[in-house]
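# what's the 3D shape of this:
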Amino acid sequence: MESDPIYLLRLLQLASPALPVGGFSYSEGLEAAVAHQLVHDEASAQAWLLDQLHLVQARSELPIVALAIPAWQNHDTQRLKQLNDWVMQTRETFEMRLQTEQMGRSLLIWLRNQAGADAERMTTCDKLPPTWPMVFALALSTHGVPLRSGLMTAAFGWSENMVQAAIKSVPLGQLSGQRLLAALSADIPQAVDHAMHLPFEQCQAFSPRLAILSARHETQYSRLFRS
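As a prediction, this is how the structure comes out:
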C-alpha cells in the first residue's frame, strides 16, 4: 500500500500547510519566546523547535495520535473519551485549548467532505468534543495509514507550520527556514519512534516555560499569531 501513489498523496495532503485547519495562525509559544528574547536568530530557533519536538510533540501529541488510531478502528468510545479528556486537561492556557479545539473542528469539517467518510465515527467525534490529535488520528484511521507513516505525517506537518512561524516572527529568511526544516526532519524519526512505544500512563505535558510564555502571549501587546 505504501508504494501506492494515492496513499502518498493522501499523506502529503494531511501534512500540507494548505490543509484548511488554520495551523498557520498559531506559533505555539514561539512568538512569545521571540518577544522575551529567548529566540532571536536561526540557532536559537532551531534549539527551541527541536526541544518542542522532543519534549512536547514526542511525549504528548504524537503518542495520543498513536493511541487514538486503534481506538477509532475498534469504535472504542470509552478509550476515545479518555484520550480526548487528557488532551483537554493538559492544555494549560486558554489559547492552547482554543488551538486544539479550533483545529480539531476544522479538520472534522474537512473529513466530512472526503470520500468514504464514516458518519458514525464523525458523530462520535462531535460528542467528544473534537480536539486536533483525536481528529488527526481519525483522518489517519479513515485512510488506513500505517501507524509510523501517520505519525511521521503529523510531525512533519507540525514542523512546517512551526518553521513558517519562525520565519515570520524571528524573522528569518527562506534559506534559514529550509535549514530549520531539515534539522527537524532529521529528528522526526527518533521522536516518532519514542511516541509509538510510549504507554498512555507515561504520556506527559510538562513544559512549564512553554505554558508560562503561552499565558503571557494572551496579553502580549503586539501579536501576529493566535498562540
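
# Provide a list of residue ranges in this protein with pLDDT below threshold.
For the chain, applying pLDDT under 70 flags the ranges 1-5, 115-117.

# Helices of that one, residue ranges please.
Ranges of helices in the chain, per DSSP state H, are 5-15, 30-35, 42-52, 62-73, 77-89, 94-112, 119-127, 132-142, 147-169, 174-196, 208-217.

# Could you export the ones you listed as a markdown table, including distance to Ser227 and mean neighbour count?
All C-beta spots, glycine's among them, are computed from the backbone N, C-alpha and C. Below are those laid out as a markdown table (distance: least, C-beta to C-beta, whole Å; neighbours: other C-beta atoms under 10 Å):
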| stretch | distance to Ser227 | mean neighbour count |
| --- | --- | --- |
| helix 5-15 | 20 | 15 |
| helix 30-35 | 8 | 24 |
| helix 42-52 | 12 | 18 |
| helix 62-73 | 18 | 23 |
| helix 77-89 | 15 | 16 |
| helix 94-112 | 4 | 19 |
| helix 119-127 | 22 | 14 |
| helix 132-142 | 12 | 25 |
| helix 147-169 | 9 | 22 |
| helix 174-196 | 19 | 17 |
| helix 208-217 | 6 | 18 |
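
# I'd like those written out as CSV, with distance to Phe225 added.
Below are these laid out as CSV (distance: least, C-beta to C-beta, whole Å):
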stretch, distance to Phe225
helix 5-15, 20
helix 30-35, 5
helix 42-52, 14
helix 62-73, 22
helix 77-89, 21
helix 94-112, 9
helix 119-127, 26
helix 132-142, 16
helix 147-169, 6
helix 174-196, 16
helix 208-217, 8
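
# Tell me which of the ones you listed approaches Val21 most closely.
With C-beta to C-beta as the criterion, Val21 lies closest to helix 94-112 of those, at 4.2 Å.

# what's in contact with the closest one?
Helix 94-112 has contacts (C-beta atoms under 8 Å, 6 or more residues apart in numbering) with 19-23, 26, 28, 87-88, 91, 117, 122, 125-126, 129-136, 138-139, 142, 211, 214, 217-218, 226-227.

# returning to that earlier point: show me the one of the helices of the chain that comes nearest Gln202.
The nearest among the helices of the chain, by C-beta to C-beta, is helix 62-73 at 8.2 Å.
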